[in-house]
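Student: Need the 3D shape of this:
(one chain, ligands or ions: 1)
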Amino acid sequence: MSRTRPTTPRPRSGFEELHALQRERVGTVLRRAANAPFYRDRFRLERGGTMPAGLADVPVTTKADLRAAYPFGMLAVPRRRIATYHESGADSGPATSSFCTEDDWVDIGERFNRMPVGIGAADTLLVRVPYAMVLAGHIGHYGARAKGATVIPADSRSFATPYARVVRLLRDLDVTLTWSNPTEPLIWAAAARAAGLDPRTDFPRLRALLVCGEPLSEARRRRLGELWDVSVIEDYGATEVGPLASACRSGRRHFYADRVVPEVLDPATGEITPDGTGDLVITPLYREAMPLLRYNLEDHVHLSHEPCACGSRLPVIRLAGRAKQAFAVAGRRVSQVQLEELVFRLPAAYGVLFWRARAGADRIATEVEVDSAHAGAACAELARAVRTHLGVDCEVAPVPPGTLMPGEVLSAPGDVLMPRSLFGPDEDWSRGLLC
Ligand SMILES: [Zn+2]
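Tutor: The predicted structure follows:
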């Protein structure tokens, strides 16, 4: 079994060197894939078939293929070599399995640490993404620990770490970096204010918000940076493979093509090209436990091999979002991220952090949380901006602060569930064994 560890790329290697590296690795990738029942069957290896000569001969692997291969069909190593098991797919049907060996974690952690923030031993990273069952929480945890940083495994969607506790941890533990979706720091800002703190001045050690897992408009990214007076760095990845790209200092997003081969599928023709516009199809070059060949992430992207002022020779990727996040309104497609861009272009002084909208057949109905002093201006400006930039009518209604993000959510105390059978005479035992 080959256990070649990933190598760190020479930062200024040209596209030719990159493609030579990819070609060199593909033989190993194909051989590893042939150990998985799914690919053995696909290549008909037990019925006289032959291995593909290169990636060009390999058909696309789909999310449906992964679901059908549950639980062990994609596994390419003996089970004793699996370090961790993950699942995703709750939002789009049955579970898909994902496996990692220890060496897979080295590769994933190194990709996490490529975000241009220089994680080191002096850092304290608060992980505020789920640890169950997806990769995301573990990615930040493993990557930061590999660099010697302190990790606070705060998790999300956990009774143990409500927002008030997150704010306390951010402040009392001198947290320097956070890893979360980009909605979390908006909520922390509201929770900090509810606790009488100013996000800009009462968290002086915080230096960057690392965010993932949610479409993020440029205006919201900017607003997050202003709210906390820190930089905001967005990681692009996939739950099946981990980090895939991050933005450079020139504001372009570079795809980690020295670790994962990106290609673009034209959904209309089925043609696959090295760059262009279409569905992103990926082939990880160092994956051991679960090799994926030309796996279609179903993310609509534009990929190009163009030089960048930052000096990176990794290709540039632009994300166009997923079709399911847009709705037809008055004959136009309107996406959440387009609306969000306009909401967060409202002046910061209006204090708008939370909003929601419903797409109707001919108009959009929007609610924004805003205090009465700014309600009139905020609603009029947002309605006008939607009309101007998206070409559809928009009703905007103000709702009082606390409507979309209730105050009790921001200030609720922690709640750790511990099994218990013996209670004192005056204790509440209504939750039985889980108190
Ligand atoms: Zn760049």
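Student: how about the lowest-mean-pLDDT helix or strand in the chain as PDB, C-alpha atoms only?
Tutor: Sorting the helices and strands of the chain by mean pLDDT, DSSP states H and E puts strand 316-321 at the bottom, at a mean of 86. Once non-C-alpha atoms are left out, strand 316-321 reads as follows in PDB (Å, rounded to 0.1, in the frame of the first residue of the first chain):
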ATOM      1  CA  VAL A 316      -9.000  30.800 -10.100                       C
ATOM      2  CA  ILE A 317     -12.600  29.600  -9.300                       C
ATOM      3  CA  ARG A 318     -15.700  31.700  -9.200                       C
ATOM      4  CA  LEU A 319     -18.900  30.300  -7.600                       C
ATOM      5  CA  ALA A 320     -22.200  30.900  -9.200                       C
ATOM      6  CA  GLY A 321     -24.200  29.200  -6.400                       C
END
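Student: What residues sit buried inside it?
Tutor: Using 16 or more other Cβ atoms under 10 Å as the test for burial, strand 316-321 gives 316-317, 319. For every residue, glycine as well, the C-beta is placed using N, CA and C.
Student: contacting residues around it?
Tutor: With Cβ atoms under 8 Å, 6 or more residues apart in numbering as the test, strand 316-321 has contacts from 215, 236, 244-245, 252-255, 262, 277, 280, 299-306, 308, 335, 337.
Student: Swap in 6 Å and give it another go.
Tutor: The contact list for strand 316-321 (Cβ atoms under 6 Å, 6 or more residues apart in numbering) reads 215, 245, 252-253, 255, 300-304, 306, 335, 337.
Student: what's the answer for stretch 333-349, then?
Tutor: By Cβ under 6 Å, 6+ apart, the residues outside stretch 333-349 that reach it are 215, 217, 219-220, 223, 226, 321, 325-327, 352, 355, 357, 378, 381, 385-386, 390.
Student: what's the span of it from first residue to last?
Tutor: For stretch 333-349, the first-to-last residue distance is 30 Å (Cα to Cα, to the nearest Å).
Student: tell me the mean pLDDT over that stretch?
Tutor: Averaging pLDDT along stretch 333-349 yields 96.
Student: and the helix or strand Tyr39 falls within, what's its mean pLDDT?
Tutor: Element membership of Tyr39, judged by DSSP states H and E, is helix 37-42. Mean pLDDT, computed over helix 37-42, is 96.
Student: Stretch 191-199 now?
Tutor: Mean predicted lDDT for stretch 191-199 stands at 97.
Student: in it, what counts as buried?
Tutor: By neighbour count with 16+ other Cβ under 10 Å, stretch 191-199 contains the buried residues 191-194, 197, 199.
Student: ditto for stretch 75-93
Tutor: So stretch 75-93, judged by 16+ other Cβ under 10 Å, has buried residues 75-77, 81-82, 84, 86-89.
Student: With stretch 204-217 instead?
Tutor: For stretch 204-217, burial by neighbour count (16+ other Cβ under 10 Å) applies to 206-213, 215-217.
Student: Give me the distance between the residue of the stretch 101-250 of the chain found nearest the ion and Ala219.
Tutor: Relative to the ion, the nearest point of the stretch 101-250 of the chain is Cys248 (3.2 Å; Cβ to the ion). Distance from Cys248 to Ala219, counting by Cβ to Cβ, to the nearest Å: 20 Å.
Student: Also Ala385?
Tutor: For Ala385 relative to Ala219 (Cβ to Cβ), the value is 11 Å.
Student: Ala365: how many residues sit nearby?
Tutor: 14 (other Cβ atoms under 10 Å).
Student: how about it, what does it touch?
Tutor: Here Ala365 is in contact with 358, 395 (Cβ under 6 Å, 6+ apart).
Student: so where does it fall, helix or strand?
Tutor: Using DSSP H and E, Ala365 falls in strand 363-369.
Student: Skipping adjacent residues, who's closest to Trp228 in space?
Tutor: Of all residues not flanking Trp228 in the chain, Pro199 sits nearest, at 5.0 Å (Cβ to Cβ, 6 or more residues apart in numbering).
Student: what do you get for Tyr70?
Tutor: Ser97 (5.4 Å).
Student: Strands of the stretch 51-200 of the chain, start to end?
Tutor: 84-88, 96-100, 124-128, 150-152, 177-180 (DSSP state E, counting those that start in this stretch).
Student: Neighbouring strands of the shortest one in the sheet, and parallel or not?
Tutor: Strand 150-152 has these partner strands in its sheet, going by DSSP bridges: strand 124-128 (parallel).
Student: what residues does the stretch 151-300 of the chain put near the ion?
Tutor: Contact residues (Cβ under 5 Å from the ion) of the stretch 151-300 of the chain with the ion: 248, 250, 252.
Student: CSV for those residues, including pLDDT and neighbour count?
Tutor: Formatted as CSV, those follow (pLDDT from 0 to 100; neighbours: other Cβ atoms under 10 Å):
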residue, pLDDT, neighbour count
Cys248, 88, 17
Ser250, 86, 12
Arg252, 91, 19
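Student: out of those, which one sits closest to Ser312?
Tutor: Cys248 (5.8 Å; Cβ to Cβ).
Student: Now do the same contact list for the closest one.
Tutor: Shown in contact with Cys248 (Cβ under 6 Å, 6+ apart): 254, 310, 312.
Student: is it true that the second one lies in a helix?
Tutor: The one in question is Cys310. No: under DSSP: H, G, I helix; E, B strand; the rest coil, Cys310 falls outside any helix and is assigned coil.
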